[in-house]
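Asks: Here is a sequence with its predicted model. Questions after.
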Amino acid sequence: MSHAVASKTDPGRFLEDFRIGEEIVHATPRTVTAGDVALYTALYGPRFAVQSSDAFARAIGYRHAPVDDLLVFHIVFGKTVPDVSLNAVANLGYADGRFLAPVYPGDTLATTSQVIGLKENSNRQTGVVYVRSTGRNQHGDPVLDYVRWVMVRKRDPGALLVEQSVPELPDCVPVDRLGDACPIVDAAAYDTTLAGSPFRWEHYAVGERIDHVDGMTVEEAEHMLATRLYQNTAKVHFDQFAQAKGRFGRRLIYGGHVISLARALSFNGLANAFHVAAINAGRHVAPLFAGDTVYAWSEILDKQPLPGRDDVGALRVRMVATKDRPCADFPLAEGEGYDPAVILDLDLWLLAPM
Amino acid sequence: MSHAVASKTDPGRFLEDFRIGEEIVHATPRTVTAGDVALYTALYGPRFAVQSSDAFARAIGYRHAPVDDLLVFHIVFGKTVPDVSLNAVANLGYADGRFLAPVYPGDTLATTSQVIGLKENSNRQTGVVYVRSTGRNQHGDPVLDYVRWVMVRKRDPGALLVEQSVPELPDCVPVDRLGDACPIVDAAAYDTTLAGSPFRWEHYAVGERIDHVDGMTVEEAEHMLATRLYQNTAKVHFDQFAQAKGRFGRRLIYGGHVISLARALSFNGLANAFHVAAINAGRHVAPLFAGDTVYAWSEILDKQPLPGRDDVGALRVRMVATKDRPCADFPLAEGEGYDPAVILDLDLWLLAPM
Amino acid sequence: MSHAVASKTDPGRFLEDFRIGEEIVHATPRTVTAGDVALYTALYGPRFAVQSSDAFARAIGYRHAPVDDLLVFHIVFGKTVPDVSLNAVANLGYADGRFLAPVYPGDTLATTSQVIGLKENSNRQTGVVYVRSTGRNQHGDPVLDYVRWVMVRKRDPGALLVEQSVPELPDCVPVDRLGDACPIVDAAAYDTTLAGSPFRWEHYAVGERIDHVDGMTVEEAEHMLATRLYQNTAKVHFDQFAQAKGRFGRRLIYGGHVISLARALSFNGLANAFHVAAINAGRHVAPLFAGDTVYAWSEILDKQPLPGRDDVGALRVRMVATKDRPCADFPLAEGEGYDPAVILDLDLWLLAPM
């Protein structure tokens, strides 16, 4: 063997490898197909009519059934993992996420990221990287844009960062930046009986809380199938031999799996909130493991018409997921922190027909 | 939070909420795709050539490979769950089920049900609801029609039923009502070698019993993937946290999962009985749990030509599934009841080339 | 029941049922779809850009993204099981395997085999059957051709074999027989950034060893979903009730599942070796069971240009998979045999852009 040959495997970036302003082109472009959609249905059981039925989607103005927004999110996100979070300690949060164009089976998605912030922790062992990631289709049109930040290890605690700064991020996507991924909809043609609920945008009240009632237990095979489908390569989800010696002794479930479970459970109460227009904020409060059962509840934080549109309106929804804890009493805080059952705290803009 | 806001979640119907003659339009229409077909293959391993190969299906007269009859059944059935059986104690039986048109990938299925019977039990806590459910494609053409009856809880034991009656149901679908979902087939072009067995309709004898030999163990992840694929929301299949405190302490496997397993196993002995034309009767004799191994055997109860057709003939087949019990000796009765290993007793009309 | 009726189930062939030179037409033709591709991605997590993206594949000269070579292999292989290896004791090896045409979603695959060797073991209880199997598409064009040999039981130890002989098989497919399944590629249009690695054919050195780093734990549900997807009916993979009394007490994982896991893991180090052109040799050294974690490493055994082509070059790669044993030190031999952690020893020709 020639020792002069460059190492062919990628160890991933450490904190000092990032530069503010730098643009990262991620591998691997991925064509989304009806096969991915079927798997997504099998993994989470979503029943939103627009994504489930070509006939329903066409009747209201889509070309045909679009791909579930969160399936798009997971695929766009998955591509960033080898470059951004292979040496991550934790996925800290999301902000300013917007869906920008519908994605249909046959579209090919690719992702780029820009490093928009970098901050070393006081221990000098780790720091936080902020990236704005953009998913684009085969025409180069952006379909999703969002910010996430992760805690990443340094390779060398003594390394110095060229530049540090923390970006200012909006608490919430403004209403006039919502709706690009939702064509003008014929709200009269939106059949609420077929969609599974009589409640349109106008029936929801700010402050209203909804227990989504049902629970879903997660198996190892399921979250691994999902995470591989998204071509997300983070080792903590797959390698039990290594994880057995780790902090939890178990494989960690990809946080996005919890987001999709909560979203699917939320059909029971939010059946007509068919489109995720924006991810205002999101936090994985605690890890989920196989064998746990996920429940969810939502609170309507705000409701707004979309400027210049009277087909759909926006509901700002705080969606909370728990494990092994039904949500009839809307568990959230305990003392100064979260109720120990809470695993996800998500802030979304959803669109519903008027 | 405004307490005047209507509850957004659906608690499901109780016995006193049904009315004889009432028509229920079920959510959610669902486009069936090649993705669903691939998942169905992965979940059960069926090998019937007509459903497996576009080339084989075209050679005998189909437009291309049709969707497996039981995948159609599960999707049509799944839609009825939120309206009919969310508060069910048990799924008691099926009758008069007929497949009425082939379903191809790209078709969108929707279901309506008519309440055709209602009968309170003497304990006044529960009763039986009979529904005739019809699945239709995007053109409004019926593709499947069947009756099932379920035991449903009353919300209020004191509630009175407006009208009670038990429908008369045929023991068996008459032969002249079979075959609508099977185009005229070129039986000479049906290649039995490619299909995996030399035995056509004429080689089966009334009274003949067939041990399907193979066994299939079921995992939690598998039955949950399947049941979500069908958008069947019955909680007993998914929520281990709640089920742990229930009667069995475990998640119950959707009965339809057993039907599909038995049908796939029956390929070994019934390889050319490529189409389920009718479900004459069916009973889930005992529950199945993850970790159990399913076996099956069949008896030819009757065989009939189809009036006016000489391409395919009908085999009336009793298909019995067991758990953890191979079927070389055709287990069925024990004393006045079933052998304790029996979990499914199904009566089908299958079509095979002449 | 009429006892004159022929048994409808197939017991499979025993050693004395094979004849040298005989041609076997296998059931069941199978149309490969985007659904199968999605499942393959979910099961193994491959990220080779050519198979992942229609846009990427078109840019370099494919019609669109081809089906993963090993998915083709498993489907072609699966069909041979009922006729060749239902009574097999062990799958002993592969040789002279060549991929001959790209397979695209929508193509229908069928398999035939020729018996090319037969040799009784000295114990007279078992023997070895050699078959050359050929997968063809709906046009009759061969897409894959390979030899495998299996140890098969005799029905009757006293039975005599009409003819015995052991075929001569090449150690390695010659370079001038490679590349038929790879169209002429525009190597300049092959975007190594999007593909996930800067290393082209010229960057690999003979003798170079690559640890593929990542590990993948396997669950029962996963390998059964995969094996059913391939319509592979070997009972040892599915029937825990029977296997509990067998040699291992557990379900055996289909050896091909390990090949696909190793190939997907090898992306980390061989990202641009996008096409498996040939299987020179292969041996399942030890069985894999659910719960085990698979790792892999590779050695570049040879590298050769393809005669008359300057778009892609061939890398001969020895790919070794282990269980519960990371591969930083390239485990292989121990004493005169294999390291006990090794489960797969595979010799492939891979193509990479120049």
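Replies: Looks like it arrived, so ask away. Numbers count the residues shown, from 1 in each chain, chains lettered A, B, ... in the order given.
Asks: Just the local confidence number for the spatially closest residue to residue A:16 that is not a sequence neighbour, please.
Replies: Leaving aside its chain neighbours, residue A:16 sits nearest to residue A:159 (4.0 Å; criterion: Cβ to Cβ, 6 or more residues apart in numbering or on different chains). To be clear about C-beta, it is placed using only N, CA and C from the backbone, and glycine gets the same treatment. According to the per-residue confidence, residue A:159 scores 93 in pLDDT.
Asks: Make sure I have this right: residue A:159 is in a helix.
Replies: No - counting by DSSP: H, G, I helix; E, B strand; the rest coil, residue A:159 is not part of a helix but coil.
Asks: From residue A:131, how far out is it?
Replies: Per Cβ to Cβ, to the nearest Å, residue A:159 is found 19 Å from residue A:131.
Asks: higher neighbour count, these two?
Replies: Set side by side, residue A:159 and residue A:131 show more neighbours around residue A:131, with 25 against 13, by other Cβ atoms under 10 Å in any protein chain shown.
Asks: For burial, what's the neighbour tally of residue A:248?
Replies: Around residue A:248 there are 11 other residues, counting by other Cβ under 10 Å.
Asks: which ones are touching it?
Replies: A:287, A:289 (Cβ atoms under 8 Å, 6 or more residues apart in numbering or on different chains).
Asks: same thing with residue A:100?
Replies: Contacts of residue A:100 by Cβ under 8 Å, 6+ apart are A:141-145, A:180-181.
Asks: Skipping adjacent residues, who's closest to residue A:119 in space?
Replies: residue A:128 (4.8 Å).
Asks: If you count contacts, what does the host helix or strand of the one you found end up packed against?
Replies: Element membership of residue A:128 [criterion: DSSP states H and E] is strand A:126-136. With contacts defined as 3 or more Cβ pairs under 8 Å, 6 or more residues apart in numbering or on different chains; DSSP states H and E, strand A:126-136 has these neighbours: helix A:69-80, strand A:88-99, strand A:108-120, strand A:142-153.
Asks: Switch the ones you listed over to JSON lines; also include mean pLDDT and mean neighbour count.
Replies: Output for these, formatted as JSON lines (pLDDT from 0 to 100; neighbours: other Cβ atoms under 10 Å in any protein chain shown):
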{"stretch": "helix A:69-80", "mean pLDDT": "98", "mean neighbour count": "25"}
{"stretch": "strand A:88-99", "mean pLDDT": "93", "mean neighbour count": "20"}
{"stretch": "strand A:108-120", "mean pLDDT": "98", "mean neighbour count": "21"}
{"stretch": "strand A:142-153", "mean pLDDT": "96", "mean neighbour count": "22"}
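Asks: Tabulate these (a markdown table), appending distance to residue C:48.
Replies: Putting the helices and strands packed on strand A:126-136 into a markdown table (distance: least, Cβ to Cβ, whole Å) gives the following:
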| stretch | distance to residue C:48 |
| --- | --- |
| helix A:69-80 | 14 |
| strand A:88-99 | 25 |
| strand A:108-120 | 14 |
| strand A:142-153 | 23 |
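Asks: Which among the ones you listed is found nearest to residue B:334?
Replies: helix A:69-80 (48.8 Å; Cβ to Cβ).
Asks: Show me what that closest one packs onto, helices and strands only.
Replies: Using 3+ Cβ pairs under 8 Å, 6+ apart: helix A:69-80 touches helix A:34-44, strand A:88-99, strand A:108-120, strand A:126-136, strand A:142-153, helix A:220-229, helix A:255-265, strand A:275-284.
Asks: Figure out how far the lowest-mean-pLDDT helix or strand in chain A is from the centre of its chain.
Replies: Ranking every helix and strand in chain A by mean pLDDT, DSSP states H and E puts strand A:333-334 at the bottom, with a mean of 90. In terms of Cα atoms, centre = their mean, to the nearest Å, the centre of strand A:333-334 is set 24 Å apart from its chain centre.
Asks: That one: partners in the sheet, and parallel or antiparallel?
Replies: strand A:337-338 (antiparallel) (DSSP bridges).
Asks: what does the strand it pairs with rub up against?
Replies: A:285-286, A:332, A:345.
Asks: On the pLDDT front, check the residue nearest to residue A:119 for me.
Replies: Note for residue A:128: predicted pLDDT of 97.
Asks: and it, how many neighbours does it have?
Replies: Neighbour tally, residue A:128, other Cβ under 10 Å: 21.
Asks: list the contacts for it?
Replies: The contact partners of residue A:128, by Cβ under 8 Å, 6+ apart, come to A:92, A:117-119, A:121, A:149-152, A:166.
Asks: farthest-separated two in those residues?
Replies: A:152 and A:166 (14.5 Å).
Asks: which stretches of chain A have low pLDDT?
Replies: By pLDDT under 70, the low-scoring segments of chain A are A:1-4.
Asks: and of the helices and strands packed on helix A:69-80, who's closest to residue B:171?
Replies: helix A:34-44 (35.8 Å).
Asks: Where does chain A get nearest to chain B, residue-wise?
Replies: As assessed by Cβ to the nearest Cβ, chain B sits closest to residue A:38 within chain A, at 2.7 Å.
Asks: how close does that residue sit to residue B:75?
Replies: To residue B:75, residue A:38 is 11 Å away according to Cβ to Cβ.
Asks: How about residue A:31?
Replies: Taking Cβ to Cβ, one finds residue A:31 at 25 Å from residue B:75.
Asks: go on, residue A:41?
Replies: 10 Å.
Asks: Please apply the same query to residue A:253.
Replies: Residue A:253 sits 28 Å away from residue B:75, taking Cβ to Cβ as the criterion.
Asks: before we move on, what about residue A:247?
Replies: On the measure of Cβ to Cβ, residue A:247 and residue B:75 end up 42 Å apart.
Asks: related to what we said a few turns ago, tell me if I'm right that the residue nearest to residue A:16 and residue A:120 touch.
Replies: No - with contact defined as Cβ atoms under 8 Å, residue A:159 does not count as touching residue A:120 (9.2 Å).
Asks: Now the common contact residues for those two.
Replies: With Cβ under 8 Å, 6+ apart as the test, residue A:159 and residue A:120 both reach residue A:15.
Asks: Spatially nearest residue to residue A:276, not counting backbone neighbours?
Replies: Residue A:276's closest residue in space is residue A:69 (Cβ to Cβ, 6+ apart), at 4.1 Å.
Asks: for that neighbour, what are its contacts?
Replies: So residue A:69 contacts A:99, A:181, A:275-276 (Cβ under 8 Å, 6+ apart).
Asks: tell me, what's touching residue A:41 and residue B:75 both at once?
Replies: B:36, B:231.
Asks: Show me what residue A:25 bridges to in the sheet.
Replies: Residues in beta-bridge contact with residue A:25 (DSSP bridges): residue A:112.
Asks: Around it, how many other residues sit close by?
Replies: Residue A:25: 13 neighbours (other Cβ under 10 Å).
Asks: Likewise for residue A:269?
Replies: There are 24 residues near residue A:269, going by other Cβ under 10 Å.
Asks: Let's verify it: helix, strand, or coil?
Replies: helix.
Asks: what sits against residue A:270?
Replies: Here residue A:270 is in contact with A:210, A:212, A:298, A:315, A:317, A:350, A:352, B:8 (criterion: Cβ under 8 Å, 6+ apart).
Asks: how about these, which pair is most distant?
Replies: For the contacts of residue A:270, the farthest-apart pair by Cβ to Cβ is A:212 and A:352; their separation is 15.7 Å.
Asks: just checking, residue A:237 touches residue A:256?
Replies: No - shown here, residue A:237 and residue A:256 do not form a contact pair, counting by Cβ under 8 Å, at 10.4 Å.
Asks: quick one on the thing from earlier: just confirm the residue of chain A closest to chain B contacts residue B:35, I think it does.
Replies: Yes - counting by Cβ under 8 Å, residue A:38 touches residue B:35, with 2.7 Å between them.
Asks: Can you find the residue of the stretch 251-354 of chain A that comes nearest to chain C?
Replies: Taking Cβ to the nearest Cβ, the stretch 251-354 of chain A has residue A:251 as its residue nearest chain C, at 7.1 Å.
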